[in-house]
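Q: Sequence plus the predicted model coming up.
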Amino acid sequence: MSSPNTRRTAASRPASGRSAAPTMRIPTLTLLLMSLLLTVTTVLAEPTAYAAGRRAFIDHMVAAHGLDRAEVTALMADARFEQRIIDAMNRPFEARPWHAYRSLFLTDERIAGGVAFWNENADLLRRAEAAYGVPAGIIVAIIGIETNYGGRLGDYRALDALSTLGFAYPRRADFFRRELGEFLLLAREEQVDPRTALGSYAGALGKPQFIPSSYRAYAVDFDGDGRRDLWDSNADVIGSVGNYLAQHRWRRGAPIAAPAHLSRGRPGVEIGGGRPLRPNTSVAALRAAGVDVAAELPGSATAALIELAGADGPEYWVTLDNFYAITRYNHSNLYALAVLQLSQAIGTQRSGD
């Protein structure tokens, strides 16, 4: 289940070779206080639910997937509860208003980084665009938002993140327990060291930040070396992002979204907010309801109307099927719009260079 890869692992811990030290007497009361402090710290560090969840998970992986009990028990003994992971889950970026969220990603540095990444991987991006129909700029922007083109792969052990959320985060524990299982299966299939693989606080992996189930389902071996490596192979990263969107019904050559404004006050149609809204009407119907679209979109296109909090008031956008496909990557209209706008900014700067 383990195969070390130094470019995607946590820093190795030096062996502790301690020289002999003079004997030191510690008062009994001090020993008692130290013992009490250690006990309290352990309780805070590992809730009862975490220990119980770990035991049940081991039983499940042995029974359902045939993993060796001794091996998976030793692995899970190395898993650690981390409160900072729970804290991070409780303050997601997507909870911010659109104008604040946008400012995190539409920066000069990230745009310039996207131009450089695109130029360095132009042949791969052309090949992915031909294979999957997804524009190169969209692929680049997703990688840029997820990890700043591989510059920020995360500093949480995936084993710790997924076990913490799977055993001690009741609101979404079932989901993360399944992802922990997927992670162990992924580690076996792709020769990933499960003890040292790093990712996000939610257990997302590699440059495109695929959760383990998505890695197993949608990652592709785009460089043909026999492995799907989302840490070190830009070919696999680019191909996998393209394949993910294609598998979520990306429509080759179709528009994504366009800004709009309301000419007759609020129309009698559903208006989405930050959470994804599946296109449920047509561009023609929105126009008839008083939604002016700032683009030449075909009236027959399936569409939705969303409202986001801009810096100067509400922003309205008509979103189409390809916009909804991007929200399958991250279930947020804010995320999808940031991807679209970053891709446009990168494309504009690249064409001007």
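A: Yep, it's here.

Q: Enumerate every residue touching Arg96.
A: 104, 334 (C-beta atoms under 8 Å, 6 or more residues apart in numbering). Every residue, glycine included, has its C-beta placed from N, CA and C.

Q: per-residue pLDDT, the residue lying closest to Arg69 once chain neighbours are set aside?
A: Once flanking residues are discounted, Arg69 sits nearest to Val62: 4.9 Å by C-beta to C-beta, 6 or more residues apart in numbering. Looking at Val62, its pLDDT is 97.

Q: Check Arg91 too.
A: pLDDT at Arg91 comes out at 85.

Q: secondary structure class for it?
A: With DSSP: H, G, I helix; E, B strand; the rest coil as the basis, Arg91 sits in coil.

Q: And Leu198, by the same measure?
A: strand.

Q: What does the pLDDT read for it?
A: pLDDT, Leu198: 96.

Q: Just list the residues touching the nearest residue to it once chain neighbours are set aside, thanks.
A: Spatial nearest neighbour of Leu198, chain neighbours left out: Gly154 (5.3 Å); criterion: C-beta to C-beta, 6+ apart. Counting by C-beta under 8 Å, 6+ apart, Gly154 touches 147, 198-201, 204, 209.

Q: In these, find the pair that's most separated.
A: By the measure C-beta to C-beta, Thr147 and Tyr201 form the most distant pair in these, at 13.3 Å.

Q: And the helices in the stretch 1-150 of the chain?
A: Along the stretch 1-150 of the chain, counting by DSSP state H, counting those that start in this stretch, helices occupy 28-45, 48-65, 69-77, 83-89, 98-105, 108-120, 122-132, 136-147.

Q: out of those, nearest to Leu320?
A: Closest to Leu320 of those is helix 136-147 (C-beta to C-beta; 13.4 Å).

Q: What's the mean pLDDT across the closest one?
A: Looking at helix 136-147 alone, the average pLDDT works out to 98.

Q: what about Ala88, neighbour count?
A: Neighbour count of Ala88, defined by other C-beta atoms under 10 Å: 15.

Q: Can you name the residues that contact it?
A: Going by C-beta under 8 Å, 6+ apart, Ala88 touches 201-202.

Q: Could you rerun that using 6 Å?
A: For Ala88, the contact set (C-beta atoms under 6 Å, 6 or more residues apart in numbering) comprises Tyr201.

Q: Pull out the buried positions in stretch 111-120.
A: The neighbour-count check on stretch 111-120 (16 or more other C-beta atoms under 10 Å) flags 111, 113-115, 117-118 as buried.

Q: want to try JSON lines for the residues you listed, with pLDDT and distance to His261 as columns?
A: Output for the buried residues of stretch 111-120, formatted as JSON lines (pLDDT from 0 to 100; distance: C-beta to C-beta, whole Å):
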{"residue": "Ile111", "pLDDT": "98", "distance to His261": "26"}
{"residue": "Gly113", "pLDDT": "98", "distance to His261": "32"}
{"residue": "Gly114", "pLDDT": "98", "distance to His261": "29"}
{"residue": "Val115", "pLDDT": "98", "distance to His261": "31"}
{"residue": "Phe117", "pLDDT": "98", "distance to His261": "34"}
{"residue": "Trp118", "pLDDT": "98", "distance to His261": "32"}
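
Q: from the residues you listed, which is closest to Asp225?
A: Distance to Asp225 across the buried residues of stretch 111-120 (C-beta to C-beta) is lowest for Phe117, with 20.7 Å.

Q: Verify the stated contact: that closest one with Gly150.
A: No. Phe117 is beyond contact range of Gly150, at 8.2 Å (criterion: C-beta atoms under 6 Å).

Q: Tell me where the protein has strands.
A: Using DSSP state E, the strands found in the chain span residues 156-157, 198-199, 257-262, 271-272, 281-282, 291-293, 302-310, 313-320.
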